[in-house]
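>>> Sharing a model prediction with you, sequence too.
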Amino acid sequence: MKKNKLFIVFFFLIAFSVFSQSPNKKYETYTAIEGETLQSIARKFSITPFNLIKLNPELVEGVNLNGTIIIVPNKNYKPESKASNNGEDYVENGFLIHTVLVRENYFRFKKKYGVSKRVLRKFNPILRSENLKLGQVIKIPVKDDFKLEGATEQITETKPYIVKPRETKYGISKRYAISIEQLEELNPQIKGRDLKMADLILVPDSEEIPEEEDGFTIHKVVKGETFYSLGRLYSISQDDLISVNPELQDGVIEGMLIKIPIVEESSKLVFIPSIEPDKEIKAALMLPLMTNRKQIDFDKSKTSDIATDFYLGAMMALDSVKKLGLSVHLKVFDTQNSKTQISRYIIENDFSDTDLIIGPLFIGNVELVSKTLQNKNVAIVSPVSQKDHSVFGSNKLIQDTPSNEKLMSKVLNHIKSNYNDENIVIFSDTTDLVIPQLVKVLEVLEPLDSLTKIEIIKPKKGYFRPELFREKILKEKDNILILITEDPVVTKDVVQNLGVLPKDINATFFAMNKGSNFNEVNNNYLAHVNFHFPVSSFINREDENVKKFIRTYKYKNKAEPSDYSFKGFDVTLDALLRCASYDDIASALNAGYSSRIATKYEYDNNGYGKGFINQGVYLLKYDGLNIVKVEEEIKEKIEE
């Protein structure tokens, strides 16, 4: 312990000598003598003990300070007068310090610098009580790349800072709202090398920006960001952003520090991307584009059609992450839906330095890639298959589309958490295929009320007896009605009988999936019984983000986006952001849930050492003939 302390003292003797050479530094070093305490040193230098500890976080009350080198205010410090600039404009800490000239007004500032009257008043309190005046010195927020002819960016007020373990230039510059280049200009000794623990550096003498504070994370707006891109990045609407950042009423301005609400959904962690500057990702896209064919008829070749739409959506995601400063080196492999072709690609290409592979689309090809690259440190995203991926035993394999079991769990968990003594009736077919589902449903719902019997109704000779609906569905209680079948005839028969129930019967109708068995069903009947069903993705065409995506897609590709276009965008965007934010895939996937344009991502282990599965599922309901998310409706009720 004594040796460690001696080393620290020796380190500070060397390090702090930098600060003691200049009489006009704001801080200097001081060697404590025998008997001195935090309180006595604070009194000596006219500083509070609290502020002394802020300058020296390593100091502890009650510990003997004799011989310790500490940072204290320089009593002889004289700030350089701003008048020394002789009235000339200069840039400081992200602001243009400007002297108001003849005929300058708010309109001219808005036109020249892109800042409104509201923004100027925010950063210049004097303007809240009086108008602009000739010769007045004001602060104008400017972009990071703003250049003033004949002037350079300067940070005049600094303080010493001791680097903590694992801190980086990026993290420190982000906390003090400066660029890495500015940090290096303040500290030439750290140029060309990484920071080390206990490095002594200068930082702006301003309050640190907390990464999270009072339910918010702080985001610095970068070049090219808009309400739309921020909304996609953090799954937040423009109205919600403005409500917590009133200054955004004048638009998104580069360099702004804005608050992003940390949203909790059932106490679940929300994934917040954190991408370091100059971050690079090496990725591959494996799709059956069928470019080997001389001519492709997209009307007849469904595989090519799906792959092409997915690819075009993925390219839009690539554009989005580039705007966030992420560099992606992407290779596209046309699998031709051929295991032979895929094997050839794997032999001819070294995937050792690849971070991420998206694809193939089909489960058999996914199995081949995951098993062949088992020993490579590459994450493999299976984007569309619902089938069980755990059987492949690959710990880097990610199943992005929730299984039917996950869809069923969404429905059952909703019923379980909202159950209030309702009458439960199950409609099922007579095949062995439904037995596992029926067992699961009873296993979850029977313990809710041991005194209430769950009625199970099955067809006889292929049809349901109408009187059973009137007998088992009660008027005096609310009813939960559950359909367990994939048979279109059974489905249509059940829905037709439910659709003619008297209006005074309260019923909510659930299905474990809304598949092709509902194709011939009357939607008015479904609306009549408050139909609920789970989906792995939901494209709400009234949503502003969806509308913007459709406009951009049509402009770039001269075609309407399909469901697979949205899938390609969402899968690629989420996977790239997670890989860029974390060094290992497990941390990236366990970092919380995220909602993209049409898809929710909430990952869980798919069995020990068997990769991961997305369990992000939306529960939808008929609201008249409109379809809405149940979760959104619940959230609104809570807020009321």
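Right, received. Where do you want to start? These numbers were taken from a predicted model, which means no experiment stands behind them. Numbering: from 1, shown residues only.
>>> packing partners for the helix or strand harbouring F509?
Assigned by DSSP states H and E, F509 belongs to strand 507-511. Judged by 3 or more C-beta pairs under 8 Å, 6 or more residues apart in numbering; DSSP states H and E, strand 507-511 is in contact with helix 404-418, strand 479-484, strand 532-535. Where C-beta positions appear, they are placed from N, C-alpha and C, glycine not excepted.
>>> As TSV, these with mean pLDDT would be great.
Formatted as TSV, the helices and strands packed on strand 507-511 follow (pLDDT from 0 to 100):
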stretch	mean pLDDT
helix 404-418	90
strand 479-484	94
strand 532-535	95
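>>> Kindly reformat the ones you listed as a markdown table containing distance to Q249 and mean neighbour count.
Below are the helices and strands packed on strand 507-511 laid out as a markdown table (distance: least, C-beta to C-beta, whole Å; neighbours: other C-beta atoms under 10 Å):
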| stretch | distance to Q249 | mean neighbour count |
| --- | --- | --- |
| helix 404-418 | 38 | 17 |
| strand 479-484 | 46 | 23 |
| strand 532-535 | 35 | 22 |
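>>> Can you say which of those is nearest to Y90?
strand 532-535 (56.5 Å; C-beta to C-beta).
>>> Show me what counts as buried in stretch 222-232.
222, 225, 227-232 (16 or more other C-beta atoms under 10 Å).
>>> Just give me the closest of the residues you listed to I162.
For these, the nearest to I162 is V222 (28.5 Å; C-beta to C-beta).
>>> do you know how far the closest one is from R128?
The spacing between V222 and R128, counted by C-beta to C-beta, to the nearest Å, is 29 Å.
>>> who are the neighbours in contact with the residue nearest in space to the middle of the chain?
In the chain, the residue lying closest to the centroid (C-alpha atoms, centre = their mean) is I272, at 3.9 Å. Contacts here follow C-beta atoms under 8 Å, 6 or more residues apart in numbering; on that basis I272 touches 217, 234, 260, 262, 591-592.
>>> Check the offset of stretch 131-146 from the chain's centre.
Here stretch 131-146 is found 34 Å from its chain centre; the criterion is C-alpha atoms, centre = their mean, to the nearest Å.
>>> In terms of secondary structure, what does the longest helix along the chain contact?
Ordering each helix of the chain by length in residues (DSSP state H) puts helix 302-323 first. Secondary-structure packing of helix 302-323 (3+ C-beta pairs under 8 Å, 6+ apart): helix 227-234, strand 280-287, strand 327-334, helix 544-557, helix 563-581.
>>> Where does pLDDT dip in the stretch 501-640 of the chain?
Applying pLDDT under 70 to the stretch 501-640 of the chain flags the ranges 631-640.
>>> wait, I meant the stretch 1-150 of the chain
Ranges of the stretch 1-150 of the chain meeting pLDDT under 70: 1-27, 57-63, 77-88, 102-103, 144-145, 147-150.
>>> those helices in it, which residues are they?
Secondary structure of the stretch 1-150 of the chain by DSSP state H, counting those that start in this stretch: the helices cover 2-15, 17-20, 38-44, 49-55, 106-113, 117-123.
>>> now do the stretch 151-300 of the chain
Under DSSP H, counting those that start in this stretch, the stretch 151-300 of the chain gives helices at 169-175, 180-186, 227-234, 238-244.
>>> Those into a markdown table, with extra columns for distance to Q496 and mean pLDDT?
Formatted as a markdown table, these follow (distance: least, C-beta to C-beta, whole Å; pLDDT from 0 to 100):
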| stretch | distance to Q496 | mean pLDDT |
| --- | --- | --- |
| helix 169-175 | 60 | 78 |
| helix 180-186 | 67 | 83 |
| helix 227-234 | 42 | 74 |
| helix 238-244 | 42 | 81 |
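>>> Distance to F333 added to these, as TSV?
Converted to TSV, these look like this (distance: least, C-beta to C-beta, whole Å):
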stretch	distance to F333
helix 169-175	33
helix 180-186	36
helix 227-234	27
helix 238-244	38
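>>> Out of those helices, which is closest to T485?
Among these, helix 227-234 sits nearest to T485 (C-beta to C-beta), with 37.9 Å.
>>> So which residues make contact with the closest one?
219, 221, 236-238, 241, 248, 252, 258, 260, 272-273, 320, 323-324, 544-545, 548, 573, 577, 596-597.
>>> What's the PyMOL line that selects buried ones from the residues you listed?
The buried residues among those can be selected in PyMOL (16+ other C-beta under 10 Å) with this line:
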select buried, resi 219+221+236+238+241+248+252+258+260+272+273+320+324+545+548+573+577+596+597
